[in-house]
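[1] Just a sequence and a predicted model for now, questions to come.
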Amino acid sequence: MQHRTPRRPLSSAAARSRLRSCVRAQPNGIVWDPVHGVAHHFFQKHLAAQPGGGPVYGHFVSKDLVKYAALPVAIWNGFDYSKSPPGVTTYDNQAIYTGSAFVVDGAGPGGKGPGVINLFPGLCKKQYYADCVEHPGQGTGTVLAQAVPADYANDVLLVNWTKPSYNPVVKDGTRDPASPWRTASGSWLTRTYDSSIYGAASDADVVAGAKNAFLERCLHSTKNTNLLRQARGTKHWKR
């Protein structure tokens, strides 16, 4: 008799998303907005603006985690549609991959109080973005960038997201950053799919999108632990 490992049950929202279409995947960026009291859920939606191939950031919301409402695409590749005319973002014009959302003090309306920030990986090509570091054999590079609500105070469902001009925060990054967490010292850390660790020294550095000052890829060792300790005084850094 053949034994099969039982599949992990899907959440009701994820199940409904899968049933509606095969072009939705990888739910991510689940976060509670402390300003408007709404839960946000992002996912990979297989659409793309030219010249990219996708995916982009889909978006749905809930106030009770039982009933959900679908919203327009939150983050498009290559464009910032919160602006008129749309802003062009060459650093992510190939795709928007799985990211995470988190609540940071000072990211609320008017720069006061806690608010939501999206940290996402964008795919680039050197022919469009000169600073793109293309990965061998892939033809694309990966940056880490941030998106914030375009009109936080008045946009209750956070339909419109903007990519601040400081982007990208990391030019040579890796995809799928986990939900960032705040350490006891006040710094922020996130781990990507290949176990690289990125960090920012403070809430203020996250909100300001301070450029990374430590980008050397390090292995797990005592020497590199010391490097991490030294890097905590910098802006954005990576292990």
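    Yes, it's here. Numbering: from 1, shown residues only.
[2] gap between residue 105 and residue 205?
    12 Å (Cβ to Cβ, to the nearest Å). For glycine as for every other residue, the C-beta is placed from the backbone atoms N, C-alpha and C.
[3] what about the two, which has more around it?
    A side-by-side neighbour count of residue 105 and residue 205, using other Cβ atoms under 10 Å, places residue 205 first with 22 against 16.
[4] helix, strand or coil for that one?
    For residue 205, the reduced secondary structure class is helix; criterion used: DSSP: H, G, I helix; E, B strand; the rest coil.
[5] Show me the helices in this structure, by range?
    Taking DSSP state H as the criterion, the chain contains helices spanning 12-20, 203-208, 222-231.
[6] tell me what the second one is packed against?
    The one in question is helix 203-208. For helix 203-208, the helices and strands in contact under the criterion 3 or more Cβ pairs under 8 Å, 6 or more residues apart in numbering; DSSP states H and E are strand 100-105.
[7] about what we covered before: out of the helices of the chain, which gets the lowest mean score?
    Considering these one by one, the lowest average pLDDT is found for helix 222-231, at a mean of 40.
[8] Name all residues that make contact with residue 95.
    Residue 95 makes contact with 48, 52-56, 77, 122-123, 140, according to Cβ atoms under 8 Å, 6 or more residues apart in numbering.
[9] Quick one: residues contacting the residue nearest to residue 174 when sequence neighbours are not counted.
    In this structure, residue 174 finds its nearest non-sequential neighbour in residue 192, 4.2 Å apart by Cβ to Cβ, 6 or more residues apart in numbering. Taking Cβ under 8 Å, 6+ apart, we find residue 192 in contact with 121, 173-178, 198.
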